[in-house]
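A.B. asks: Based on what follows, work out the 3D shape:
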Amino acid sequence: MKRKIWGTILLPVLAIAGISSLVALKSDLRSKLNHYNAPADNASLTLQPGFSASVIAENLGAARHLFVTPQGEIYVKLQGAKDGKGILLLHQANGKAEVKATFGNGGTGIYVKNGYLYASTDEEVYRYKLNAQNEVVNTNKPELIVTGLLSRHEHEAKAITLDNAGHLYVNIGAYSNSCQVKDRQKGSMGQKGCPILDSAGGIWQFSASKPNQHYGDGIRYATGLRNVVGLDWNKQLNQLFVMQHGRDQLHDLFPQYYDTKQSAELPAECLYAIKKGDNAGWPYMYYDQIQHKKILMPEYGGDGKKEGGQTAINPVAAYPGHLAPDGLLFYTGTQFPAKYKNGAFIAFHGSWNRAPEPQAGYFVVFQPFKNGKPFGKWEVFANGFAGTAEQTAAGRAVHRPCGLAQGPDGSLYVSDDSKGSIYKITYKK
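C.D. replies: Residues are numbered from 1 along each chain as shown. Model prediction:
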């Protein structure tokens with residue numbers, strides 16, 4: 001499998017001397033893509049040794065995030081709707097998952113916590129009461145928790161997670177690429193004091209139990225995040241982690257500073273460890289995973305070399321640009337080998353804007369952690385969702401990984417919002 005993908009990872013805990021060459025980066029990621037176990041019956045996926053995969057459901061619709069209950073039932077959120085409904089409850093039996101119930105509205109976010117099923121649309125978060133078997137008591141009576149969230153038809157997906165202290169966290173994506181005066185217009189400069197940040201471009205915290213909340217009832221927990229679809233509450237550290245979608249079109253908008261190869265690689269897709277009040281720096285800076293620096297955006301006077309974001313937090317890990325991280329899950333199970341415990345799985349939905357370089361992504365990666373921090377290089381854990389190498393390079397992916405969930409036995413579940421498949425990945429010694 002040959003792909004021209006250049007990228008590296010930021011390891012803040014290690015000293016990294018100098019700037020890696022694009023040739024070295026290409027070789028590094030190619031080696032990640034080659035270390036696979038690829039039996040013919042592995043749901044057409046290539047996996048790390050010892051793992052196997054099966055497709056347990058198909059043709060569900062645009063399956064976004066999902067959650068597996070302690071009973072092994074699967075709640076799946078659809079971007080649109082299937083038969084007019086946006087939430088599916090799947091029952092597993094004999095290696096397959098069949099639709100048991102459909103209800104609710106479409107969207108992205110879904111989560112089970114403290115006897116409730118939480119779900120989001122592009123403008124609201126609501127919840128359903130569950131019984132002891134984690135089944136919805138009354139699908140016709142959701143309780144509205146948050147309403148009036150901004151949706152401007154760009155980065156409108158409201159991803160959600162909950163902590164252990166009664167708080168709900170909601171991504172509100174920025175309806176802009178880089179807060180230009182004229183969005184995505186060549187040479188247009190950025191708006192100083194970006195007005196978008198008052199109601200978008202960050203993570204908001206709300207009460208998980210108070211009904212009918214609006215912006216004023218919540219807290220802007222973190223800002224400077226262009227768009228977050230993959231997020232998870234790290235139970236080991238009791239802290240929020242998010243994956244940011246980096247900005248687009250550096251060459252298209254500022255060709256005097258960036259060539260097409262640089263634009264295909266930059267900026268990094270970043271993993272952030274978030275604390276209350278943090279600022280990740282968008283739209284004034286981006287993270288360059290090749291130079292290992294925070295760089296001033298060209299819309300604000302940058303040239304690809306000037307550093308910026310002096311007050312912005314650093315990512316804890318960084319990945320090649322434009323791969324679109326849509327799922328994040330910290331693995332707490334015991335089925336997988338010990339190295340996976342408390343590490344992070346990331347579902348990369350795949351790129352659209354790396355041309356003329358090949359499109360890339362469409363895989364699930366694993367990021368090892370040690371003592372609460374990324375440790376060691378990330379690896380491609382599951383690949384082949386897109387189809388052939390030619391389909392991948394052209395961006396004509398057959399399947400696109402989106403959501404991640406852990407089953408009660410420690411299996412990993414992956415949703416596909418292209419063909420509506422659900423994959424189950426297991427390990428056998």
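
A.B. asks: Now the helix or strand containing residue 262: buried residues?
C.D. replies: Using DSSP states H and E, residue 262 maps to helix 260-265. Residues of helix 260-265 classed as buried by neighbour count (16 or more other Cβ atoms under 10 Å): 262-265. Where C-beta positions appear, they are placed from N, C-alpha and C, glycine not excepted.

A.B. asks: Show me which of these is closest to residue 176.
C.D. replies: Among these, residue 263 lies closest to residue 176 (Cβ to Cβ), at 18.0 Å.

A.B. asks: From one end of stretch 283-292 to the other, what's the distance?
C.D. replies: 18 Å (Cα to Cα, to the nearest Å).

A.B. asks: buried ones in that stretch?
C.D. replies: 283-290, 292.

A.B. asks: Relative to residue 46, which of the residues you listed is nearest.
C.D. replies: residue 289 (24.3 Å).

A.B. asks: how far away is the closest one from residue 267?
C.D. replies: As judged by Cβ to Cβ, to the nearest Å, residue 289 and residue 267 stand 8 Å apart.

A.B. asks: hey, C-alpha coordinates of stretch 129-146 in PDB?
C.D. replies: C-alpha atoms of stretch 129-146 as PDB (Å, rounded to 0.1, in the frame of the first residue of the first chain):
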ATOM      1  CA  LYS A 129     -35.100   8.300  31.200                       C
ATOM      2  CA  LEU A 130     -33.800   4.700  31.200                       C
ATOM      3  CA  ASN A 131     -34.900   1.700  33.100                       C
ATOM      4  CA  ALA A 132     -32.600  -0.800  34.900                       C
ATOM      5  CA  GLN A 133     -31.800  -2.400  31.600                       C
ATOM      6  CA  ASN A 134     -30.800   0.900  30.000                       C
ATOM      7  CA  GLU A 135     -33.800   1.000  27.800                       C
ATOM      8  CA  VAL A 136     -35.700   4.200  27.200                       C
ATOM      9  CA  VAL A 137     -38.800   4.300  29.300                       C
ATOM     10  CA  ASN A 138     -40.800   6.600  27.000                       C
ATOM     11  CA  THR A 139     -39.400   7.500  23.600                       C
ATOM     12  CA  ASN A 140     -42.200  10.100  23.100                       C
ATOM     13  CA  LYS A 141     -41.200  12.200  26.100                       C
ATOM     14  CA  PRO A 142     -37.600  13.500  26.000                       C
ATOM     15  CA  GLU A 143     -36.600  16.200  28.500                       C
ATOM     16  CA  LEU A 144     -35.000  19.200  26.900                       C
ATOM     17  CA  ILE A 145     -31.800  20.100  28.600                       C
ATOM     18  CA  VAL A 146     -30.200  22.800  26.400                       C
END
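
A.B. asks: in it, what's buried?
C.D. replies: Result for stretch 129-146 [16+ other Cβ under 10 Å]: buried residues 130, 134-136, 139, 142, 145-146.

A.B. asks: Greatest separation within the residues you listed: which pair is it?
C.D. replies: 135 and 146 (23.8 Å).

A.B. asks: Quick check: residue 278 vs residue 324, distance?
C.D. replies: 22 Å.

A.B. asks: out of those two, which sits in the busier spot?
C.D. replies: residue 324 (25 against 20; other Cβ atoms under 10 Å).

A.B. asks: need the contact list for the more buried one.
C.D. replies: Applying Cβ atoms under 8 Å, 6 or more residues apart in numbering, we find residue 324 in contact with 229, 245, 269, 348-352, 361.

A.B. asks: Burial check on the nearest residue to residue 147 once chain neighbours are set aside, number of neighbours?
C.D. replies: For residue 147, ignoring the flanking residues on the chain, the nearest one in space by Cβ to Cβ, 6 or more residues apart in numbering is residue 124 at 4.9 Å. Here the number of neighbours of residue 124 (other Cβ under 10 Å) works out to 19.

A.B. asks: Spit out the contact partners of residue 124.
C.D. replies: 144-149, 158.

A.B. asks: now swap in residue 227 and tell me
C.D. replies: Applying Cβ under 8 Å, 6+ apart, the residues contacting residue 227 are 155, 171, 173-174, 244-245.

A.B. asks: let's see it at 7 Å
C.D. replies: 155, 173-174, 244-245 (Cβ atoms under 7 Å, 6 or more residues apart in numbering).

A.B. asks: Quick check: pLDDT value at it.
C.D. replies: On the pLDDT scale, residue 227 is placed at 98.
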